[in-house]
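*Asks:* A predicted structure for the sequence below; I have some questions about it.
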Amino acid sequence: MRWIRAISAEVEETAETLGGKALGLVLLHRLGLPVPAGFVITADACRAFLREGRLPDGLGDELTTAVAGLERSTGRAFGRPRRPLAVSVRSGAGVSMPGMMNTVLNLGLTTEATEGLAAETGDRPFALDSRLRFLSSFASAVTNAVMNEGAGDVGAAHGGGAKDAEARLTDAMKAVEDFVRERCGQPIPDDATRQLALAVEAVFSSWDTPRAHTYRALHDIPHDLGTAVIVQRMVFGNRDDRSGTGVAFSRDPNTGENTPFGDVLFGHQGEDVVSGRSMPRPLRALAEREPAVWAELLDALRRIEGHYRDACYVEFTFQAGELWILQVRPGRFVGGAAVRVAIELADERVIERHEALLRVSPIQLRQVRTPRMASPEEADVFARGLGACPGVAVGRVATTSDRAVRMAEGAPVILVRPETSPHDMHGLAAAAGIVTARGGAASHAAVVARSMGKPAVVGVADLTVDVGNGTVTAGGRTLGDGTLVTIDGTSGEVALGSHRVITNAADERLHRLLEWADATSGDHSERDESQRLEAAHAALRSSRA
């Protein structure tokens, strides 16, 4: 086929064609790890769509063929009541752009397919919750509006009794459908094939949204790459109390420590972790509740890290105690974490010293000496959360992204939100630091903050953000927009006013890296740390030439 490729161990394509996410899924297949069946629509199709303003000729027929293959491999029927097949539709550009483009989950849960899922599982609230999540994510994709997805979790759905749960879910679904009808002038189609075509268009179109443009400009990503689209069989993390979803790093992205790190949510789907709308539990909670899933996840992290010869990141879901890996990539750590991982991998003889040097950029080296508040015990701490990205930022509170952009023209700002979404990208770009009331270490705010090297504090449990009045409240105290605060992305503290900042001294690992750099360059003159590393990089490039 011209526009579509099956995702399998035999695929031989580049990231420019398949995107980084699909190549990661190919790797998982080759490692023999559990991956939901699926296919990828190439970035070539996206580039054609962006040129012509419509899906390219032949893609519709190829989608029909690919879905039929997915039905055969899963033994399920797309959009039908008997053994219904639902799919996820996700972006996957050649360069990672976390949370910047659209995703649609549970696609194919038509009215009759939802009834079929309820009959198959004997759990009507679960089926309705899954359809609500489809409607919400579809509405967000086609209208570019922020929608609240799902009823929270299965336990909440059952909390007031099955009939009450069904009534709440039905009312919520009607509200979403009415919203789309009002915004788009037509209802959400109840035909799975039509849903899929519209979802693919929505993902392709999200490449050109302002938030995606802003992210690419900040990270020097070319605007003409386009994105691939991955279509996979859904795995339901909201299925029951033995189901859930999470993200995992093979090592701590804040420190580089060789211990698994991440978030897990039980009874939820993947977007709940990434969005930050729900407060996750530390990854190790999985060991207590689902030890078999935990053991399998640790084995997967070990095998993936062994392939990359680097720390890695995975997104996963488990349904009824069965693990599935949904995404994988190298960890891409920064600052002191990058130095520690490079040094330890060299010590373990996984990589050579010259590779360790090349793993750390001069920019990353400048981020090693992490600033922190000098005397936190003397600070007037307004709130505490989870430190999500090390460093200290001082600025004035802004409770919306638009206000953050306006206020940043005069002085640094701290963006304070209930949680962030891709629609906050302009505010995240303008802010000196980020604070959110909800979310964990793998939430949208945390991931974007780390990619931008901005201090962040997330999961401030008692923080309330009143956007209408421009105020934030915690511990019985209320601050207005414009209040000066200091945030420490290591300790997770938010303090009133401006505070003196100190910088960590260079540790033994940094000294060793610089000694290796001097030995490589042969230059032992007095220079700053970044210049010493740059000289080593230049010597390595010269030797390869």
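*Replies:* Looks like it came in fine.
*Asks:* Pop the domain breakdown of this protein in here.
*Replies:* Here the domain assignment for the chain is 4-233, 244-330, 335-368+505-544, 371-503, based on automatic domain parsing.
*Asks:* Look at residue 365 and report its pLDDT.
*Replies:* Residue 365 carries a pLDDT value of 82.
*Asks:* Output the strand or helix carrying it as CSV, nothing but the C-alphas.
*Replies:* Residue 365 is part of helix 362-366 when elements are defined by DSSP states H and E. The C-alpha coordinates for helix 362-366 follow below in CSV (Å, rounded to 0.1, in the frame of the first residue of the first chain):
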residue,chain,number,x,y,z
PRO,A,362,27.3,21.9,26.3
ILE,A,363,23.8,23.3,26.9
GLN,A,364,23.0,20.3,29.2
LEU,A,365,26.3,20.9,31.0
ARG,A,366,25.3,24.4,31.9
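*Asks:* chain center to that helix: distance?
*Replies:* 24 Å (Cα atoms, centre = their mean, to the nearest Å).
*Asks:* ditto for stretch 490-510
*Replies:* For stretch 490-510, the distance to the chain centre is 26 Å (Cα atoms, centre = their mean).
*Asks:* buried stuff in that stretch?
*Replies:* 490-495, 499, 509-510 (16 or more other Cβ atoms under 10 Å). All C-beta atoms are positioned from the backbone trio N, CA, C, and that covers glycine.
*Asks:* out of the residues you listed, which are inside strands?
*Replies:* Counting by DSSP state E, the buried residues of stretch 490-510 place 493-495 in strands.
*Asks:* ok, those residues vs residue 237, which is closest?
*Replies:* Distance to residue 237, by Cβ to Cβ, is smallest for residue 494 among those, at 31.4 Å.
*Asks:* Any regions of the stretch 301-450 of the chain where pLDDT drops low?
*Replies:* Scanning the stretch 301-450 of the chain for pLDDT under 70 picks out no residues.
*Asks:* I'd like the buried residues of stretch 490-510 as JSON lines, with pLDDT and distance to residue 172 appended.
*Replies:* Shown next, in JSON lines, are those (pLDDT from 0 to 100; distance: Cβ to Cβ, whole Å):
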{"residue": "490", "pLDDT": "89", "distance to residue 172": "39"}
{"residue": "491", "pLDDT": "91", "distance to residue 172": "39"}
{"residue": "492", "pLDDT": "94", "distance to residue 172": "33"}
{"residue": "493", "pLDDT": "95", "distance to residue 172": "37"}
{"residue": "494", "pLDDT": "96", "distance to residue 172": "33"}
{"residue": "495", "pLDDT": "95", "distance to residue 172": "39"}
{"residue": "499", "pLDDT": "90", "distance to residue 172": "44"}
{"residue": "509", "pLDDT": "92", "distance to residue 172": "51"}
{"residue": "510", "pLDDT": "91", "distance to residue 172": "52"}
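*Asks:* Let's have the residues you listed in a markdown table, adding distance to residue 22.
*Replies:* A markdown table is the format used below for the buried residues of stretch 490-510 (distance: Cβ to Cβ, whole Å):
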| residue | distance to residue 22 |
| --- | --- |
| 490 | 36 |
| 491 | 39 |
| 492 | 36 |
| 493 | 41 |
| 494 | 40 |
| 495 | 44 |
| 499 | 46 |
| 509 | 35 |
| 510 | 37 |
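*Asks:* Of these, which is the nearest to residue 289?
*Replies:* The closest of the buried residues of stretch 490-510, once distances to residue 289 are taken by Cβ to Cβ, is residue 492, at 25.0 Å.
*Asks:* so what's that closest one up against?
*Replies:* 384-387, 457 (Cβ atoms under 8 Å, 6 or more residues apart in numbering).
*Asks:* swap in residue 221?
*Replies:* So residue 221 contacts 95, 97, 215 (Cβ under 8 Å, 6+ apart).
*Asks:* any idea how far residue 338 is from the nearest residue to residue 514 once chain neighbours are set aside?
*Replies:* Residue nearest to residue 514 in three dimensions, not counting chain neighbours: residue 532, with 5.4 Å by Cβ to Cβ, 6 or more residues apart in numbering. Residue 532 is 16 Å from residue 338, where distance means Cβ to Cβ, to the nearest Å.
*Asks:* ditto for residue 36
*Replies:* Taken as Cβ to Cβ, the span from residue 36 to residue 338 is 32 Å.
*Asks:* Who has more neighbours out of these two?
*Replies:* Taking other Cβ atoms under 10 Å, residue 36 and residue 338 do not tie; residue 338 has more neighbours (25 against 20).
*Asks:* Residue 256 versus that one, what's the distance?
*Replies:* Counting by Cβ to Cβ, the gap from residue 338 to residue 256 is 7 Å.
*Asks:* before we move on, what about residue 415?
*Replies:* 27 Å.
*Asks:* okay, the two: which has more neighbours?
*Replies:* Higher neighbour count among residue 415 and residue 256: residue 415, with 32 against 22, using other Cβ under 10 Å.
*Asks:* Which strand or helix spans the more buried one?
*Replies:* Going by DSSP H and E, residue 415 is part of strand 413-417.
*Asks:* Can you name the next helix or strand after that strand?
*Replies:* Of the helices and strands lying after strand 413-417 in sequence (DSSP H and E), the nearest is helix 425-430.
*Asks:* name the helices or strands packed onto that following helix?
*Replies:* With contacts defined as 3 or more Cβ pairs under 8 Å, 6 or more residues apart in numbering; DSSP states H and E, helix 425-430 has these neighbours: helix 210-218, helix 401-408, strand 413-417, helix 444-452.
*Asks:* low-confidence ranges in the protein?
*Replies:* 146-162, 275-276, 545.
*Asks:* Residue 247: which of the helices and strands packed on helix 425-430 is closest?
*Replies:* Closest among these, using Cβ to Cβ: helix 444-452, at 8.7 Å.
*Asks:* from the middle of its chain, how far away would the closest one be?
*Replies:* 9 Å.
*Asks:* and residue 56, how many neighbours does it have?
*Replies:* Neighbours of residue 56 using other Cβ under 10 Å come to 18.
*Asks:* I am finished for the moment; much appreciated.
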